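K.L.:
3D model of this:
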Amino acid sequence: MVLNLVFEYLFILIFFMGLIKLCMNHFNLLMILLSLEFIILLIYMMIMFYLNMIKLEMYFNMFFLVFSVCEGVLGLSILILMVRYHGNDNFQVLSIL
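P.N.:
Below you'll find the model as predicted:
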């Protein structure tokens, strides 16, 4: 029971570290994508931990991985389009107008 509590606090701490990293690197799209993938992998580990803890099936993990891969591919395609059109992946180049 104590070990489960330690893992919960560890997951929460690492999750907030990923969010802080995401907020600190908001100028570069590649670093944003890497931070988001780090957070997604941590959420996947949390889901695996909790499903193993209550002894349920792991089918939800498969769906979660499929959607996280789709999110990663979409982010990489946006990154490639930004580099082709603007020459770099900095957000200062983009304008809302």
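K.L.:
now this protein, which segments are flagged as low pLDDT?
P.N.:
Where the chain drops to pLDDT under 70, the residues are 91-97.
K.L.:
show me where it has its helices.
P.N.:
Ranges of helices in the chain, per DSSP state H, are 2-24, 29-53, 59-86.
K.L.:
in CSV, list these along with mean neighbour count.
P.N.:
Every C-beta, even on glycine, is put in place using the N, C-alpha and C of the backbone. Below are the helices of the chain laid out as CSV (neighbours: other Cβ atoms under 10 Å):
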stretch, mean neighbour count
helix 2-24, 12
helix 29-53, 16
helix 59-86, 12
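K.L.:
got the phi/psi numbers for Trp56?
P.N.:
Heads up, residue 56 is Leu, not Trp. Phi and psi for Leu56, reported as degrees, to the nearest 10, are phi -110, psi 170.
K.L.:
tell me how many other residues crowd it.
P.N.:
By other Cβ atoms under 10 Å, the residues close to Leu56 number 10.
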